[in-house]
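Novice: sequence? don't have it. structure:
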């Protein structure tokens, strides 16, 4: 039988679930995290050690791996060992570090190894679900204030800022841009600046349009290169 090419989903068809593997050495935490993820995210595998993680991820080929930084097994590198063992998948499977640690060395080391983001375990179920979708879509996601560690580690040398670049942004847009580039969610920006989430969305859209950028990741890089954070 000749296989037929995939056809576009009909209008109104459900969006395929984001496929996730959870890697954490605490079974109770894995169980709680599975319960907290919303219905649009399907957990297709779990692992508690470096070796099991590499095997499960290789078999499941998920969209996103929720990866604890500190794990038993491997060479003692924890999450870094998992990323090294899954290096061939980094182009198609994205890794989001999820840890109790907010130490700069943990954040930087796992990002250097190939993770697309880093969030702490204090995050809510709704927030982690949103983070999973954003990482699956190609965004870099960080808990507030953790992005600064990465920018410090990967930032380029200071460059002159063309006056017309900043002149395009209002004072409020500049405030919103800095917080978004640091990894704050829209809700956190709204709370920080005492404005509505809708207003934050409007400002972000304006900033991206004025600077001719297409994503939060590009915005973070743009701000880091100009030492605006």
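Specialist: Thanks, I have the structure now. Only a predicted model underlies this, so the values are computations on that prediction, with no experimental measurement involved.
Novice: what's the burial count for residue 71?
Specialist: For residue 71, the count of nearby residues is 24 (other CB atoms under 10 Å). Bear in mind the C-beta positions are built from the backbone N, C-alpha and C, glycine included.
Novice: ignore the last one, residue 133
Specialist: As a burial measure, residue 133 scores 17 neighbours (other CB under 10 Å).
Novice: cool, the one 3 residues further on as well?
Specialist: A total of 19 residues lie near residue 136 under the criterion other CB under 10 Å.
Novice: where exactly do the strands run in the chain?
Specialist: Under the criterion DSSP state E, the chain carries strands at the ranges 18-23, 41-47, 64-67, 94-99, 117-120, 141-142.
Novice: Export those to JSON lines and append columns for mean neighbour count and distance to residue 29.
Specialist: Listed next are these as JSON lines, based on neighbours: other CB atoms under 10 Å; distance: least, CB to CB, whole Å:
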{"stretch": "strand 18-23", "mean neighbour count": "23", "distance to residue 29": "9"}
{"stretch": "strand 41-47", "mean neighbour count": "19", "distance to residue 29": "11"}
{"stretch": "strand 64-67", "mean neighbour count": "27", "distance to residue 29": "10"}
{"stretch": "strand 94-99", "mean neighbour count": "26", "distance to residue 29": "9"}
{"stretch": "strand 117-120", "mean neighbour count": "24", "distance to residue 29": "13"}
{"stretch": "strand 141-142", "mean neighbour count": "26", "distance to residue 29": "19"}
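Novice: Just give me the residue closest to the centre of this structure.
Specialist: Closest to where the C-alpha atoms of the chain average out (CA atoms, centre = their mean) is residue 141, at 2.8 Å.
Novice: Not counting sequence-adjacent ones, nearest residue to it?
Specialist: Leaving aside its sequence neighbours, residue 141 sits nearest to residue 117 (CB to CB, 6 or more residues apart in numbering; 3.5 Å).
Novice: beta partners for the one you found?
Specialist: residue 96, residue 141 (DSSP bridges).
Novice: Let me know the pLDDT of it.
Specialist: Residue 117 is assigned 89 on the pLDDT scale.
Novice: go on, residue 226?
Specialist: If you check residue 226, the pLDDT there is 68.
Novice: longest helix of the chain?
Specialist: As assigned by DSSP state H, the longest helix anywhere in the chain is helix 197-211.
Novice: Quick check: phi and psi at the nearest residue to residue 49 once chain neighbours are set aside.
Specialist: Nearest residue to residue 49, sequence neighbours excluded (CB to CB, 6+ apart): residue 73, at 3.9 Å. Per-residue torsions, residue 73: phi 100, psi -180 (degrees, to the nearest 10).
Novice: Next up, the contacts around residue 73.
Specialist: Residues near residue 73 by CB atoms under 8 Å, 6 or more residues apart in numbering: 49-52, 81.
Novice: quick one: which two of these are the most distant?
Specialist: 52 and 81 (11.8 Å; CB to CB).
Novice: quick one, helices of the chain?
Specialist: 27-36, 50-60, 79-85, 104-112, 125-136, 147-154, 163-167, 171-181, 186-193, 197-211, 216-225.
Novice: Can you say which of the ones you listed is packed in most?
Specialist: Highest mean neighbour count among these (mean count of other CB atoms under 10 Å): helix 79-85, with a mean of 23.
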